[in-house]
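Participant: pasting the structure only:
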């Protein structure tokens, strides 16, 4: 009897051990045409390089399925496509399952909250698209819908309720507002169909506050973060105000719209040495702190977020990897990982839980053209 009980106890312990959460970091390397894999210590933030997965020239945006079993990576050279990878929950290794065409070159992809549809936004094609995802997690090549937009669509994302979808149009200074049918994947313009951003701001990426009451958008050309109140009943945004994400002493001029990414990578303006070129934005899971990257100054701006009003207070800027196109906050809001398109390393920062400030912990080798960071917790 004792022996049987001991065997059961050991079996339970083994099961609990195998179910232990693991955290992995994926960084797409546009110039190397692959994805770097790192195992992350969730307590210390330390990274352990764990190899690379072949992708394609120019691999850039990535998205993760809600169940954390699949990773999707968009290839921005012809033929434009998206690769589906299986994520090994124990070691984070990626196994490519399929590659299917996309309607255009996509600088941004995301997955709806059910995991059944992949959204894409095309800067050069002035469109957004919806591709179905099969029950096995494979993206299907025939889109459900392709919607023509204003100039330079740059990001697309469903709200936490999955009832609404939004897409930024950098060239038209607006954010499109859609109703979303999660059964069919169809997008229908809301009324009104768009909310305006500040003139010549160039809305790029955006995030939802965890309480689903606000949306924060980084403006590429103005280097500002604009706050929008979000009505979860109507699915409409209302502009509230903007705060600069550019270091006060950077002395940068307003930016200008860039040419679309080509097969050789991003095309810089004729003289980018003094022009604002903001990029990415993320918020901590508790909604207290917001971060935004600016590529010309190679900095990460930090903001405190007032939960009831959405008001942003600039806390300061931290130097980071050169030309930080992409970064990410870990699932518990303890660490921030930043990449740089012109850096051969990535940086891991500790986030002060009370002040929101960033403290550099360590830098790690990265691939060429590192531009997108995804952090996945598996079980």
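Facilitator: Nice, thanks for sending it over. No experiment lies behind these values; they were computed from the predicted model shown.

Participant: I'd like to check which residues are in contact with the spatially closest residue to residue 345 that is not a sequence neighbour.
Facilitator: Nearest residue to residue 345, sequence neighbours excluded (C-beta to C-beta, 6 or more residues apart in numbering): residue 363, at 4.5 Å. In this view, the C-beta of every residue, glycine as well, is placed from N, C-alpha and C. Each residue near residue 363 by C-beta atoms under 8 Å, 6 or more residues apart in numbering is listed here: 345, 346, 347, 348.

Participant: Compute the number of surrounding residues for the first one.
Facilitator: So the one you mean is residue 345. Using other C-beta atoms under 10 Å, residue 345 has 15 neighbouring residues.

Participant: ok, it - contacts?
Facilitator: Residue 345 neighbours (C-beta under 8 Å, 6+ apart): 321, 363, 364, 365, 366.

Participant: need these in TSV with secondary structure, pLDDT and distance to residue 278, can you?
Facilitator: TSV is the format used below for the contacts of residue 345 (DSSP: H, G, I helix; E, B strand; the rest coil; pLDDT from 0 to 100; distance: C-beta to C-beta, whole Å):
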residue	secondary structure	pLDDT	distance to residue 278
321	coil	98	15
363	strand	98	23
364	strand	98	25
365	strand	97	26
366	coil	96	21
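
Participant: Would you write a PyMOL line that selects the buried entries of those?
Facilitator: The buried residues among the contacts of residue 345 can be selected in PyMOL (16 or more other C-beta atoms under 10 Å) with this line:
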select buried, resi 321+363+364+366
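
Participant: Report the separation between residue 228 and residue 198.
Facilitator: Distance, residue 228 to residue 198, by C-beta to C-beta, to the nearest Å: 11 Å.

Participant: er, residue 181 actually
Facilitator: Residue 181 is 31 Å from residue 198, by C-beta to C-beta.

Participant: Downstream of the worst-scoring helix or strand of the chain on mean pLDDT, the next helix or strand is which one?
Facilitator: Least confident helix or strand, the chain: helix 2-18 with a mean of 44, by mean pLDDT, DSSP states H and E. Remark: after helix 2-18, the chain's next helix or strand is strand 22-29, criterion DSSP states H and E.

Participant: Show me what that following strand is packed up against.
Facilitator: strand 34-40, strand 47-54, strand 59-64, strand 370-378 (3 or more C-beta pairs under 8 Å, 6 or more residues apart in numbering; DSSP states H and E).

Participant: List the neighbouring strands of the last one plus their orientation.
Facilitator: Spelled out, it's strand 370-378. strand 22-29 (antiparallel) (DSSP bridges).

Participant: Residue 181 and residue 198: which has the busier surroundings?
Facilitator: residue 198 (17 against 14).

Participant: Per-residue pLDDT of the more buried one, please?
Facilitator: Model confidence at residue 198, given as pLDDT, is 97.

Participant: Spatially, what comes nearest to it if we skip its sequence neighbours?
Facilitator: Closest to residue 198 by C-beta to C-beta, 6+ apart is residue 242, at 5.8 Å.

Participant: Run through this protein and note the low-pLDDT ranges.
Facilitator: In the predicted model, the chain carries pLDDT under 70 at residues 1-19, 262-272.

Participant: if we can go back for a sec, make a markdown table out of the contacts of residue 345 and add distance to residue 255.
Facilitator: Shown next, in a markdown table, are those (distance: C-beta to C-beta, whole Å):
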| residue | distance to residue 255 |
| --- | --- |
| 321 | 20 |
| 363 | 27 |
| 364 | 30 |
| 365 | 30 |
| 366 | 25 |
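
Participant: Widest-spaced pair of the contacts of residue 345?
Facilitator: Based on C-beta to C-beta, the longest span within the contacts of residue 345 runs between 321 and 365 and measures 11.9 Å.

Participant: Pull up the distance across stretch 205-220, start to finish.
Facilitator: 9 Å (C-alpha to C-alpha, to the nearest Å).

Participant: in it, what counts as buried?
Facilitator: For stretch 205-220, using 16+ other C-beta under 10 Å, the buried residues are 205-210, 213-220.

Participant: Residue 83 - how many residues pack around it?
Facilitator: 23.

Participant: ugh, wrong one, I meant residue 153
Facilitator: 30.

Participant: With adjacent residues omitted, what lies nearest to it?
Facilitator: Residue 153 sits nearest to residue 121 (C-beta to C-beta, 6+ apart), 4.3 Å away.

Participant: Quick one: residues contacting that neighbour.
Facilitator: 106, 107, 108, 109, 127, 128, 153, 154, 155, 156, 167, 168.

Participant: Whichever of these end up buried, select them in PyMOL.
Facilitator: Those of the contacts of residue 121 that count as buried under 16+ other C-beta under 10 Å are selected in PyMOL with:
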select buried, resi 106+107+108+109+127+128+153+154+155+156+167+168
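
Participant: Can you list which of the contacts of residue 121 are found in helices?
Facilitator: Using DSSP state H, the subset of the contacts of residue 121 located in helices is empty.

Participant: give the contact list for the closest residue to residue 299 other than its chain neighbours.
Facilitator: Nearest residue to residue 299, sequence neighbours excluded (C-beta to C-beta, 6+ apart): residue 317, at 4.2 Å. Applying C-beta under 8 Å, 6+ apart to residue 317 gives the contacts 245, 246, 247, 294, 297, 299, 300, 301, 302.

Participant: one more time with 10 Å
Facilitator: Residues near residue 317 by C-beta atoms under 10 Å, 6 or more residues apart in numbering: 244-250, 291-294, 297-302, 358.
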